[in-house]
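Q: Here is the input, now give the coordinates:
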Amino acid sequence: MTPVELSSTVVRAVRRAVDDGELVVAVPERAQVVPPGPGGRGDYATNVALQLARPAGRPPKEVAEILRPHLSGVAGVARVDITGPGFLNITLKGREAAFVAEILRRRERYGYVDGPTGQVAQLRYPCSEVRAAVTGQVLARILRSQGVLVRTTCTACTARTAGAVSASCEAAEGAPDPAWARTLGVTVGVTVDAAQGPPEAPAPTSAPLEVDLLPVPAGQDPTPLGRDAGRWALLHPAAHDHPRITDEHLVQRESNPLFRVRYAYARAKALGRNAAALGFAAVPGDHVSVPGPLLDALDAYPHALAAAARHRAPDRVARHLVTVADALLAFQHTVLPLGDEKPSAAHRSRLALAEAAGTVLAGGLSLLGIDAPTHL
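A: Here you go, the predicted structure:
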């Protein structure tokens, strides 16, 4: 269904609601349908309920609830959700297979923009502050995923460089890396993305965005937690929150968000191994029963990456990985056949969705600099 066809479908839904006496409004000639924005879902969104709310004398969400059943039963429409103040978000049939296939095709680069945008960012942070250094490293990765050229400088390293350069504090200023740098996998110093991208890359569109990273410092040394738990302890809280540097990040319990994320990834890999032992493989399709939360979480991942770059907040990626992990752990029990049940198209579709979730978890953990174990 094309956007023009969907616009006509929305108008017909309004007309049916008017004919049934559910709404008393003039039927619009057309309805705007656009890709959903942040917080939306599905393939398209329309604000028709917000437009009709005043003439109908009803709240926008109430108008949206009236229109939803008139859209849900239409051929080609798989699902209709209401988000925000009353946006109707429409998922088309056939979307799930193409969506999952796209994630599996792009692998860990799902959610990345296709190339440089012409934006440039200058990140600065104190060399001696562990949380600022880790945040700067991860934020640089997230910005690059969104097509931004990035230069990072710790405040103890002020030497000007040009071109494609990567230097440590020792090379720039003669000061050694802090003791925690090796343990946490951080290079403290100056890094500069290549000034020249591919021939088709746009030139910088404006002066560099100047960003001073000053998150609330860690009150304790995170290195006893090791690289993965230490980085998570610093990155998962918002920048204005105090990080908790405790052994709670090491325990293998559901109360530990890092454990849930890594365990969910390990479960995705295990499902693939178990399916292979049963003689079937993942094939994206539209046979998944009630996949809503997991599909929604995967669909929202590019928005989470973009928001993390826009707000300079790596914690948004960490928190979204927890959302994906929880949805996958709730969904995993539907993937494999039970008892004497034979593998079906539905099982192959569910396995593909689980593998797509594992791909997103691996990509997000990679951006955070955290290992994704295949066995846990």
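Q: and the closest residue to residue 238 other than its chain neighbours, how far is that from residue 223?
A: The shortest distance from residue 238 to any non-neighbouring residue, by Cβ to Cβ, 6 or more residues apart in numbering, is to residue 315 (5.0 Å). In this view, the C-beta of every residue, glycine as well, is placed from N, C-alpha and C. Applying Cβ to Cβ, to the nearest Å, one obtains 20 Å for the distance of residue 315 from residue 223.
Q: quick one, which of those two is more surrounded?
A: Summary of the neighbour comparison: residue 315 and residue 223, criterion other Cβ atoms under 10 Å, with residue 315 having more neighbours (21 against 17).
Q: Next, residue 107: phi, psi?
A: Listed backbone geometry of residue 107 is phi 50, psi -130, with angles given as degrees, to the nearest 10.
Q: Contact partners for it?
A: Applying Cβ atoms under 8 Å, 6 or more residues apart in numbering, one finds that residue 107 lies in contact with 359, 363.
Q: quick one: it from residue 297, how far?
A: As defined by Cβ to Cβ, residue 107 lies at a distance of 18 Å from residue 297.
Q: now residue 373
A: From residue 373 over to residue 297 the distance is 21 Å, taken as Cβ to Cβ.
Q: Repeat that for residue 245.
A: As for residue 245, its distance to residue 297 is 28 Å (criterion: Cβ to Cβ).
Q: ditto for residue 215
A: Here residue 215 is placed at a distance of 26 Å from residue 297 (Cβ to Cβ).
Q: again, but for residue 31
A: 28 Å.
Q: With residue 143 instead?
A: The gap separating residue 143 from residue 297 is 23 Å, by Cβ to Cβ.
Q: Not counting sequence-adjacent ones, nearest residue to residue 9?
A: Looking at residue 9 with Cβ to Cβ, 6+ apart, the closest residue is residue 74, at 5.6 Å.
Q: what's the burial count for residue 150?
A: The number of residues packed near residue 150 is 22, by other Cβ under 10 Å.
Q: That one contacts residue 140, correct?
A: Yes: taking contact to mean Cβ atoms under 8 Å, the distance of 4.5 Å between residue 150 and residue 140 places them in contact.
Q: and residue 7, what element?
A: Taking DSSP states H and E as the criterion, the element that holds residue 7 is helix 3-19.
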